[in-house]
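> let me see the structure of the following:
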Amino acid sequence: QVQLVESGGGLAQPGGSLRLSCAASGFAFSNYAMSWARQAPGKGLEWVSGIHSDGSDIYYEESVKGRFTVSRDNAKNTLLLQMNSLKPEDTALYYCAKAVDKYYHVGNPEQYDCWGQGTQVTVSS
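Numbering: from 1, shown residues only. The predicted model follows:
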C-alpha cells in the first residue's frame with residue numbers, strides 16, 4: 001500500500017522555522033520524484049518545491065526561494081522541507097506528493113499518484 005505521512009507542522013512566529021517530514025512507504029522511494037504543495041484557506045493549490053528522484057534537480061516556487069530547503073533521504077524513505085524565515089503568508093496545509101516517475105511535474109497534479117493527508121503550518125505572532 002503506497003502511503004505518505006506528513007509531520008512537523010505547527011504554530012511558528014514570523015521569522016521562525018519549522019521542519020516538515022514526509023514518511024513514504026509501499027513503493028521504491030528512490031525511483032520517484034517528490035513534491036511539496038500547499039493550500040491556504042480559500043486559495044488554490046500552490047506548488048512549493050519539487051525534487052528529482054536522486055536529488056539532482058530541485059525546484060522552488062519564487063516566494064520560498066532562499067527560505068525553504070527541500071531534501072530527501074532515500075535510505076530512510078523520507079522527504080524533508082526545512083522552512084526558515086517564515087512569513088504569515090506561508091500559513092497553509094502542506095502536502096507531500098509522489099510523482100509518477102523520477103521527474104517532478106510541478107503544476108501538473110495529474111502527474112502525481114499519491115498524496116499525504118497534509119500537515120498544517122500556521123505562522124502568526
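
> any idea how far residue 11 is from residue 19?
As defined by C-beta to C-beta, to the nearest Å, residue 19 lies at a distance of 14 Å from residue 11. Any C-beta I mention is one placed from the backbone N, CA and C, and that applies to glycine too.

> identify the residues contacting the residue in the chain sticking out farthest from the centre.
Largest separation from the mean C-alpha position in the chain: residue 125, at 23.6 Å (C-alpha atoms, centre = their mean). Applying C-beta atoms under 8 Å, 6 or more residues apart in numbering to residue 125 gives the contacts 13, 14.

> just residue 11 next, same as before
If a contact means C-beta under 8 Å, 6+ apart, then residue 11 has 122, 123, 124 as its contacts.

> please, which helix or strand holds the first one?
With elements delineated by DSSP states H and E, residue 122 resides in strand 119-123, which encompasses its position.

> what are the buried residues along that strand?
When burial is assessed from 16 or more other C-beta atoms under 10 Å, strand 119-123 yields the following buried residues: 119, 121, 123.

> helices or strands up against it?
Identification of packing neighbours for strand 119-123 by 3 or more C-beta pairs under 8 Å, 6 or more residues apart in numbering; DSSP states H and E yields strand 10-12, strand 18-25, strand 92-99.

> can I get the buried residues of strand 119-123 in JSON lines with distance to residue 36?
As requested, those are arranged in JSON lines below (distance: C-beta to C-beta, whole Å):
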{"residue": "119", "distance to residue 36": "10"}
{"residue": "121", "distance to residue 36": "11"}
{"residue": "123", "distance to residue 36": "16"}
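
> which strands border the strand holding residue 122, and is each parallel or antiparallel?
Next to strand 119-123 in the sheet, as set by DSSP bridges, lie strand 10-12 (parallel), strand 92-99 (antiparallel).

> can you pull the contacts of the residue sitting nearest the centre point of the chain?
Here the mean C-alpha position of the chain is nearest to the C-alpha of residue 36 (C-alpha atoms, centre = their mean), at a distance of 2.3 Å. Contact analysis of residue 36 by C-beta under 8 Å, 6+ apart lists 20, 22, 47-50, 70, 79, 81, 94-97.
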